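1. Coordinates only, no sequence provided:
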């Protein structure tokens, strides 16, 4: 091959390599492409997915986006999917749970908006009222650190136990200083608690799981957290993304829709106190 041919061949190879690299660079994840208009959100079925599908979806569609909601019935997979980039965001948890999850799992997830509060409640299992609880009665509680503490604080408010620090949002059964009814605690994954109601005397349920279990929180709860109290401020359910995605176009669009007056009206109309907007 003469010198001119060698130069031409080299230029051709360089051009092909540049095009290949350009093609690789444009193939980004769901959060990175500027022309990607599909927002994928992991959420609990009730009320989170309902709010997203019925109130948020029409709002983002008006702005040219498509909303895809992936439903999960546990409190682990939505965060894992967000960390791994399988979804753009998740909507199911409160800040103390997120902080604890990040610490335990080494994930890098951040809150970008507080949306609503679900009053935590004690619900009847085999025993239908608190004054009929017998000695050694069994109480089902979530086994994750934040929600178990929340359950203990509620039991304390109901006068059933006393804690070393009455305002400790990190309390565990080891912090109980008084338990006159000798309550026995059945610690379970939050999603499992509603499934054992027939086997326990009472259960401490997150608002979404109470609704899924066909309870009416206003009528059926034996005791609930007070709206406007410490719990409402501490345990607001949040919109979460992976660190670094706080200011993407999709995150901004989702945040705008979730904290809109339309969503507030939808929550107030459909959940009647079981879910309370905080924005």
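-> Received the coordinates, thanks. What you see is a predicted model; the values in this text were computed from it and never measured. Numbering: from 1, shown residues only.
2. C-alpha only now, for contacts and for neighbours.
-> Noted.
3. quick one: the helices in this structure?
-> Under the criterion DSSP state H, the chain carries helices at the ranges 3-26, 50-51, 57-62, 77-83, 95-105, 145-157, 207-212, 217-220, 230-234, 249-258, 261-271.
4. the longest strand in the protein is where?
-> Once the chain is assigned using DSSP state E, the strand that runs over the most residues is strand 109-117.
5. to the chain's geometric centre, what's the distance from that strand?
-> Relative to the mean C-alpha coordinate of its chain, strand 109-117 is positioned 9 Å out (CA atoms, centre = their mean, to the nearest Å).
6. What average pLDDT does it get?
-> Averaging pLDDT along strand 109-117 gives 97.
7. So what are the sheet partners of it and their directions?
-> Strand 109-117 pairs in its sheet with strand 237-242 (antiparallel), strand 276-277 (antiparallel), by DSSP bridges.
8. how far away is the residue most central in space within the chain from residue 222?
-> In the chain, the residue lying closest to the centroid (CA atoms, centre = their mean) is residue 92, at 1.8 Å. In this structure, residue 92 and residue 222 are 24 Å apart, going by CA to CA, to the nearest Å.
9. One more: residue 191?
-> Applying CA to CA to residue 191 and residue 222 gives a distance of 20 Å.
10. repeat for residue 96
-> According to CA to CA, residue 96 and residue 222 sit 25 Å apart.
11. for the chain, which spans come out with low pLDDT?
-> When residues are selected by pLDDT under 70, those of the chain lie in 1-34.
12. Could you say which of the strands paired with strand 109-117 is packed most deeply?
-> With neighbours defined by mean count of other CA atoms under 10 Å, none of those is more surrounded on average than strand 237-242, at a mean of 26.
13. contacting residues around the nearest residue to residue 224 once chain neighbours are set aside?
-> Once its chain neighbours are removed from consideration, residue 224 has its nearest residue in residue 121; the separation is 4.2 Å (CA to CA, 6 or more residues apart in numbering). Contacts for residue 121 were tallied using CA atoms under 8 Å, 6 or more residues apart in numbering; they are 151, 154, 204-207, 217, 221-225.
14. Now, of those residues, which are buried?
-> Neighbour counting over the contacts of residue 121 (16 or more other CA atoms under 10 Å) leaves 151, 154, 204-207, 217, 221-225 as the buried ones.
15. Deepest in the core, which of the helices of the chain is it.
-> helix 145-157 (a mean of 22).
16. what's the span of stretch 156-164 from first residue to last?
-> Using CA to CA, the span of stretch 156-164 from its first residue to its last is 11 Å.
17. likewise stretch 179-198?
-> Here the two ends of stretch 179-198 are set 23 Å apart, with distance taken as CA to CA.
18. and what of stretch 205-215?
-> Terminal residues of stretch 205-215 are spaced 10 Å apart (CA to CA).
19. For residue 102, see how far away the residue nearest to residue 224 is.
-> Residue 121 sits at a distance of 26 Å from residue 102 (criterion: CA to CA).
20. Check residue 148 too.
-> Relative to residue 102, residue 148 is positioned 17 Å away (CA to CA).
21. for residue 111, same thing?
-> Spatial separation of residue 111 from residue 102 under the definition CA to CA is 12 Å.
22. Kindly report the same for residue 172.
-> Summarising the geometry, the distance separating residue 172 from residue 102, computed by CA to CA, is 19 Å.
23. which ones are touching residue 45?
-> By CA under 8 Å, 6+ apart, the contact list for residue 45 reads 71-73.
24. buried subset of these?
-> Among the contacts of residue 45, those classed as buried by 16+ other CA under 10 Å are 71-73.
25. Using CSV, lay out those residues together with distance to residue 82.
-> Formatted as CSV, the entries for the buried ones among the contacts of residue 45 read as follows, by distance: CA to CA, whole Å:
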residue, distance to residue 82
71, 13
72, 12
73, 15
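26. Looking at those, which one is closest to residue 264?
-> Residue 264 lies nearest to residue 71 out of the buried ones among the contacts of residue 45, by CA to CA, at 21.4 Å.
27. Thought residue 43 was touching that closest one, still the case?
-> Yes - the pair residue 71 and residue 43 passes the contact test of CA atoms under 8 Å, sitting 5.1 Å apart.
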